[in-house]
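*Asks:* Provided below are the primary sequence and the corresponding predicted coordinates.
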There are 4 protein chains.
Amino acid sequence: MPAEIKGLNEECGVFGVFGAEHAASLTYMGLHTLQHRGQEGAGIVSTDYQTLYQHRDRGLLSEVFADPAELERLVGDGAIGHVRYGTSGHNSIQNVQPFLYRFHDGDIALAHNGNLTNAVTLRRQLEDEGAVFQSDSDTEILIHLIRKHIQSGFINALKQSLNEVKGGFAYLLLQKDRLIAALDPNGFRPLCIGQLENGAYVVTSETCALDIVGAKFVRDVEPGELIIIDRDGLHVNHYTTNTQLAICSMEFIYFARPDSIIHGVTVHNARKQMGRLLAREHPVDADMVIGVPNSSLSAASGYAEEAGLPYEMGLIKSQYVARTFIQPTQELRERAVQMKLSAVRGVVEGKRVIVVDDSIVRGTTSKQIVQMLRRAGAKEVHLLIASPPFRFPCFYGIDVSTRAELMAAHHTVEEMRDLIGVDSLGFLSVGSLIEAINLANVNGAPNGGLTVAYFTGNYPTPLYDYEEGYRKSLSEQEKLARKEVTV
Amino acid sequence: MPAEIKGLNEECGVFGVFGAEHAASLTYMGLHTLQHRGQEGAGIVSTDYQTLYQHRDRGLLSEVFADPAELERLVGDGAIGHVRYGTSGHNSIQNVQPFLYRFHDGDIALAHNGNLTNAVTLRRQLEDEGAVFQSDSDTEILIHLIRKHIQSGFINALKQSLNEVKGGFAYLLLQKDRLIAALDPNGFRPLCIGQLENGAYVVTSETCALDIVGAKFVRDVEPGELIIIDRDGLHVNHYTTNTQLAICSMEFIYFARPDSIIHGVTVHNARKQMGRLLAREHPVDADMVIGVPNSSLSAASGYAEEAGLPYEMGLIKSQYVARTFIQPTQELRERAVQMKLSAVRGVVEGKRVIVVDDSIVRGTTSKQIVQMLRRAGAKEVHLLIASPPFRFPCFYGIDVSTRAELMAAHHTVEEMRDLIGVDSLGFLSVGSLIEAINLANVNGAPNGGLTVAYFTGNYPTPLYDYEEGYRKSLSEQEKLARKEVTV
Amino acid sequence: MPAEIKGLNEECGVFGVFGAEHAASLTYMGLHTLQHRGQEGAGIVSTDYQTLYQHRDRGLLSEVFADPAELERLVGDGAIGHVRYGTSGHNSIQNVQPFLYRFHDGDIALAHNGNLTNAVTLRRQLEDEGAVFQSDSDTEILIHLIRKHIQSGFINALKQSLNEVKGGFAYLLLQKDRLIAALDPNGFRPLCIGQLENGAYVVTSETCALDIVGAKFVRDVEPGELIIIDRDGLHVNHYTTNTQLAICSMEFIYFARPDSIIHGVTVHNARKQMGRLLAREHPVDADMVIGVPNSSLSAASGYAEEAGLPYEMGLIKSQYVARTFIQPTQELRERAVQMKLSAVRGVVEGKRVIVVDDSIVRGTTSKQIVQMLRRAGAKEVHLLIASPPFRFPCFYGIDVSTRAELMAAHHTVEEMRDLIGVDSLGFLSVGSLIEAINLANVNGAPNGGLTVAYFTGNYPTPLYDYEEGYRKSLSEQEKLARKEVTV
Amino acid sequence: MPAEIKGLNEECGVFGVFGAEHAASLTYMGLHTLQHRGQEGAGIVSTDYQTLYQHRDRGLLSEVFADPAELERLVGDGAIGHVRYGTSGHNSIQNVQPFLYRFHDGDIALAHNGNLTNAVTLRRQLEDEGAVFQSDSDTEILIHLIRKHIQSGFINALKQSLNEVKGGFAYLLLQKDRLIAALDPNGFRPLCIGQLENGAYVVTSETCALDIVGAKFVRDVEPGELIIIDRDGLHVNHYTTNTQLAICSMEFIYFARPDSIIHGVTVHNARKQMGRLLAREHPVDADMVIGVPNSSLSAASGYAEEAGLPYEMGLIKSQYVARTFIQPTQELRERAVQMKLSAVRGVVEGKRVIVVDDSIVRGTTSKQIVQMLRRAGAKEVHLLIASPPFRFPCFYGIDVSTRAELMAAHHTVEEMRDLIGVDSLGFLSVGSLIEAINLANVNGAPNGGLTVAYFTGNYPTPLYDYEEGYRKSLSEQEKLARKEVTV
């Protein structure tokens, strides 16, 4: 059975700290800034050098820790935490991380951001050898592999296991007396190291989580690294040297927080550059530029500045949770969409409007936005996307649903323009995407290793369990193109 | 006992609809867009022409109606709803509106946005005459007055009562077969009328709530009006003709939603104009302009455009609820502030930054923002406020805490600059504030009736129960000034 | 509009204490022993001589005070509490007592056990005079009457008000510096006084609540008394001398706890005597006696001893809450009844069984019990009721539903036997009921004032608002009988 | 590390049904009648022949299924359920059964009543071989053993595993298309088979759960049996023939429901016989007999009948949950005990009272009961226990805490009498216990296989992991005695 062609909902954020008082409180703050990486579950495991303490549950961090006593219970100087994105159905508490395993020879907690491409195969092998899984999550595979090899010692078992799992992964492990971090050989997911004033180390998905706890940025974790932090400090180790940085471009396009810095690039700046290059590639005669809040505001202001057009607030995103379940009629259900996002009549009425958005997935939201703006009186609506057409799935940890649902996988730009009902539609080119990220690099140097497979179909690794299903989903022409292109 | 010199936490939003199927669902959607006017409680009362149905509770709308069955229970074609702002202590469910009163001669529901200035006096009189109050809210006074005069008929009793209450008020009342709206003689609070496609009428605090339900804007309710909506349509009535529009300028400065249109002025446009005029009054040599999210983004982009400076995302507001209660140490508590708002190092580092904010109340937030930006590496920080110094309380329905807490009431601009620790500090003038709002008026005509007493101390009405305490709080100089100025 | 012919769900229990540390904790314990008197809501108001503190909610006491902080918040040396019985629909939190009213001249809390017979009339009068009610409860009437007369001073106003309300009532009032108790002129509901070791006084519905807090029984409150307890001790006062004790016989039959002592009669002993006299009036040739748990176990063991038959556990009541809502089919719904009560096959199989129950209301439960026993193999089932046929409603505070639902109001004993499907059916005579209660009196003296109107139709007071509806419900024969009989 | 000398909190109840519509609803009803076997968690897993559905949580059944939707979600014709007893600390949701394991070759649910005596050893072995446990529960061991042997086929793997686990166990397993039950070689825990009218089979801990769902009793499961129920009906199989019935006598003494029939013995009847024999062994000159509710009422009525004394309600157990946590002082904490159980003054005052209880564990409750009765005025209090002195732990599934806590393990009867403060104290002899159970056997035949090790120290099996700790806890004299006695 090949894996389904979809990202397995492993968009997540991780945070770990070792050697600092109130480690769980620091982790709580760090996870708060990573909440955009996962809203369906959250958890923290702490250590007081003797015992591991766990609390986790479904929901937002503020819901999971609604009772402050739950956080106070997580005593000790070390902790790891996790925010989880997951679709319904598998959203049981068993899948909420960090997982905590208790063994007679020592407990282990485990948190994971990424997606394994050979999970189905590994799980089947392990089950046939006697393993009993407690979750649907790929994450659990690592612990079974470790235990399988445990006779060779924990670190050796871990290294061996990290060489057996394939795909994108940033792991944090907590034992009673140390914190371990490991990144996949391509560094698909971001992972960085910071240091608190007292010398304690932090490892986390994004630098915004370093800022909130007052940690100074030290460096990004490199592909293939195994970082061990204990009471003696930080030790750098490798489980493989066969590595090639290929960080996921989606992090820059829409996933990471604008204030995070990934491999030298401030995300807001990268997005603003995407907007600027988009303005050069797709100039439009219009009265104003508006962004789709919140992720497209940086790109929109870049476009406006480059184009010399006013940047206006033509769409408003409600800052309150909008439960839309409650509508008895179709008409009300349609209106309810605007509880999340609404057009500002007093701004767009009678105007020619450029809307800048970060990407088009299914196209439904774009269509709704255009309709909203027209209903609010916009004379023209031009939709410009600050990334290339999104045609191929991500297998490394961002959920993009099946390929069948990607609008750009099945339609030309012209078809999409008609389906969305917009006056004009334009996308950023792959070249400009790469250029924008490089321009935003504070080090001035081009950022060499970037995965843009979602736009080209050329993946930097084999796809393992996904290969068969993926291949079937391609057209003849795409199969051909796939072989020709080299990243 | 004079009333305390503070707004009595009556910032609120109201929404009513009559003659439309699923009236409660429409009200739910409308209240969602008014959630910024009050987050501490919400409720809806509906009518099926026979019976009134109520649900209300503390918390956000989405919490109050977390169980969809609660909304389904509110059947019928008419409904009124309310979102409430209130401080702790009096935040019991008894104070959550709409209130519902059951009488042998017919039930009445009541929702109120505003603040009465003679509530203490009226309540004491009523209690001495036998009245039993069930809440701490001023709102309840109206119903006791109505019942006191009930022998002269309901509408007469209501008119008489509306002439006895003083201050700012926008009332919605629901009876089994009609909806009634009334606005105070100065129109301090916004209240507007819309119409659905089927002809049903909506009355609500802001036009953004008309948009979400698909209602066409009809007109603003005028001061002194009594609007009655029943199955025959809308009837305009007056309880007084002694009126003078004096709408609260705070609605334009920060309180209303940017997409709302109040007396012809789109709030976002007014704020952008405030930013433009601020740039003219206070030009600063700097590298970029940033706004304090979310309420100051309009003004900041206006400033940037007028000044020809880049508009950047130098501050990020978390879109997730940040519970900051959980911090065990002072240092952690200070850091926790950044869970709500944080500076973007990659944007501001090494730069001369202009921060545009809408107002300064206590000054604590401004100080934190400046510190955040400096810690993130900003070379210079200039703080420009898109409204005049806020020196005098609002008695008409916006909670500004006691005068003792208003920074501008006790310090010169120079002192404030030093206390906040900013390189320069500037405020918009009262004249420019008025001009900005007039410039944004789509009707091209100046908006004549605006209350700017918070900046000048000259209130358009007597202060009744607040007069004594307010006078005591003034310096000799202010008392003098108060007599001289005429609005 | 006459009042509906039904008890208005005012079965309740009250507890008050004044002058003892941790008064709210004592009240909590007292209310726990009174939980059988009402399970739908509970609340406590305490005083620290300055301020009144309230907590109340729907549900069992243990649910209402699930968070211990709620009880700790109720500081002070005085407190009153209430457990409430109410049917759905009116079971909103507004109706949960004690009510707390805040006036500029002093706060008052109020708890009530009983039912007023002129509530509809009084409420209408008060509303026409301007009163605004906040609950559906009759209880609130008293506070409006008091406020109406408040100009003559609080105690005078209270006395005047107590003379205006009719029916059965045991009131507790709490002011910041005193506790007041009042009993109706017939003493329909039990109310007794106890004293703690430190001298503080307790007033409560049943003596079991004195035992739990370690209070020594002092005496029963007498009809027409007004008891005032303040820091100087207990003061006995009267609001009327036109009194006649007529305590509700239902308290002895099934309502009160078996360990309570009411006017000298231990309830368990009274019930055992009812069982003994029942055995004399209705001897049956059978193998064993079983009781319907829990209220009929005393009577059943009395019957068994008098009859010289084994007393067996033939029916088991589950000690766990049985939610029966969840059954998808009719068959399952019928089975679900046994989740509450089930027959013991190993005991009754092949046996001739006498079932003793305390009363028959609708007859449905009796029918189910008989079916259960037959299914479990009982050869014969004889049903003996330790009270007379229940034919007329209680208007003084016990909810017996409408007369239409009383099986004995519409059927002869023979008809009932057939409908229930039992081999024989017998009731205790009114004379034996009275004799049994008198026999159990520790004072040896007959208990003169007992209301047995539920069996005879002869009420000791006018029925006021209920009179018209009640009269209509009677047959010609009953109307005739009603005039002839004298209690 | 030897296992702690305590029962590992595996008192539980299980229920399974296969081939009946609404299997989960039947299971819910069955579990309700088994709630006395475990109150700390409950769960159900159902199958629709395709998929297994699970719901479980901490708390009472009515809490776990408070939302009826949870039960409706458990569709299908087969189900198993579990109620769990567990001490705090390990009371996480992970330990709540049935466990559900998902494998690529088919899912398995598992529920267990009992306690393994070699769990520590097995778990360590399994972990060293790579197993990852997800709970603290012994129950999980079986599934790891099965998977270890899975290559030989599921049933073979199960049989092999059942031969590796030691101690007391009644297992239910559910696969998508069958239900499997297995009982340990000594039949320590009760397990019986019933049949619904439609022919579907039920397997459950006690016959009371058959009655509630309308299932006819078929027979008890025999030691060593493996029962497989699928769509073809019921298949009897054995995993061992080396069996010897030794059912736990505690089930008869206090644990099982009085209406259950275990190996032909109705529990109420057995208890009544224990009371009768107790009366013969320990006649006392007194005025009345009272039982400690609820478990001792059968024995007390047996004693009363045999002794010819009145059986009275001298102690009342509250039928409402008593939260006693809330008491601020020691005195209040002591009083709070009476919220659960209280003495009836009107019954016991001035009387010589015989209290019949089922057992003495720590002796604290006995002491409190005696004090309560004396405070309520009892002239003499005689305590008679309807079982022998409880001196040795149960290792087969009843939690009796450590031996250190058993009062009878460290004191003579005379010492216990003094410590409890009672006028006289007597216990049933081991011989009479066995006789009473045999007398109650409807088959007239003596019940041969009964475990009375708790009174004699002679266990019918090796103790494995417990052996070392147990031996250390014995006095020299006991060690000697242990070898001599043969069961």
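*Replies:* Yep, that arrived.
*Asks:* Tabulate the CA atom coordinates of the longest helix seen in chain A in PDB.
*Replies:* With secondary structure taken from DSSP state H, chain A has its longest helix at helix A:267-281. The C-alpha coordinates for helix A:267-281 follow below in PDB (Å, rounded to 0.1, in the frame of the first residue of the first chain):
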ATOM      1  CA  VAL A 267      11.100  36.400   6.400                       C
ATOM      2  CA  HIS A 268       9.300  39.800   6.200                       C
ATOM      3  CA  ASN A 269      12.200  41.100   4.100                       C
ATOM      4  CA  ALA A 270      12.100  38.100   1.700                       C
ATOM      5  CA  ARG A 271       8.300  38.600   1.300                       C
ATOM      6  CA  LYS A 272       8.700  42.300   0.600                       C
ATOM      7  CA  GLN A 273      11.300  41.500  -2.000                       C
ATOM      8  CA  MET A 274       8.900  38.900  -3.600                       C
ATOM      9  CA  GLY A 275       6.400  41.800  -3.700                       C
ATOM     10  CA  ARG A 276       8.900  44.100  -5.400                       C
ATOM     11  CA  LEU A 277      10.000  41.600  -8.000                       C
ATOM     12  CA  LEU A 278       6.300  40.700  -8.600                       C
ATOM     13  CA  ALA A 279       5.700  44.400  -9.300                       C
ATOM     14  CA  ARG A 280       8.400  44.400 -11.900                       C
ATOM     15  CA  GLU A 281       7.200  41.200 -13.500                       C
END
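*Asks:* So for that helix, mean pLDDT?
*Replies:* Regarding helix A:267-281, the rounded mean pLDDT is 97.
*Asks:* what packs against that helix?
*Replies:* The contact analysis (3 or more CB pairs under 8 Å, 6 or more residues apart in numbering or on different chains; DSSP states H and E) places helix A:267-281 against helix A:297-307, helix A:430-439, helix B:345-348. C-beta here means a position set from N, CA and C on the backbone, and glycine is covered the same way.
*Asks:* need the next SSE after the longest one, C-terminal direction.
*Replies:* Tracing the chain C-terminally past helix A:297-307 and defining elements by DSSP states H and E, one meets strand A:311-312 next.
*Asks:* and the residue of the stretch 351-487 of chain A found nearest chain D, how many residues sit next to it?
*Replies:* Closest contact between the stretch 351-487 of chain A and chain D, by CB to the nearest CB, is at A:D465 (12.5 Å). By other CB atoms under 10 Å in any protein chain shown, 23 other residues sit near A:D465.
*Asks:* Surely it forms part of a helix?
*Replies:* Yes: under DSSP: H, G, I helix; E, B strand; the rest coil, A:D465 falls within a helix.
*Asks:* just checking, it touches A:N115?
*Replies:* No: if you go by CB atoms under 8 Å, A:D465 and A:N115 don't touch, sitting 10.7 Å apart.
*Asks:* Which single residue of chain A approaches chain C most closely?
*Replies:* A:D67 (10.6 Å).
*Asks:* Near that residue, how many other residues are there?
*Replies:* Neighbours of A:D67 (other CB under 10 Å): 11.
*Asks:* Check the one 4 residues further on too.
*Replies:* Close neighbours of A:L71, defined as other CB under 10 Å, add up to 23.
*Asks:* And for the one 10 residues further on?
*Replies:* Applying other CB under 10 Å, we find 36 residues neighbouring A:G81.
*Asks:* if I look at the residue in the stretch 51-200 of chain A that chain D sits nearest to, how far off is D:T47?
*Replies:* Residue of the stretch 51-200 of chain A nearest chain D, by CB to the nearest CB: A:Q134 (3.8 Å). Between A:Q134 and D:T47 the computed distance is 20 Å (CB to CB, to the nearest Å).
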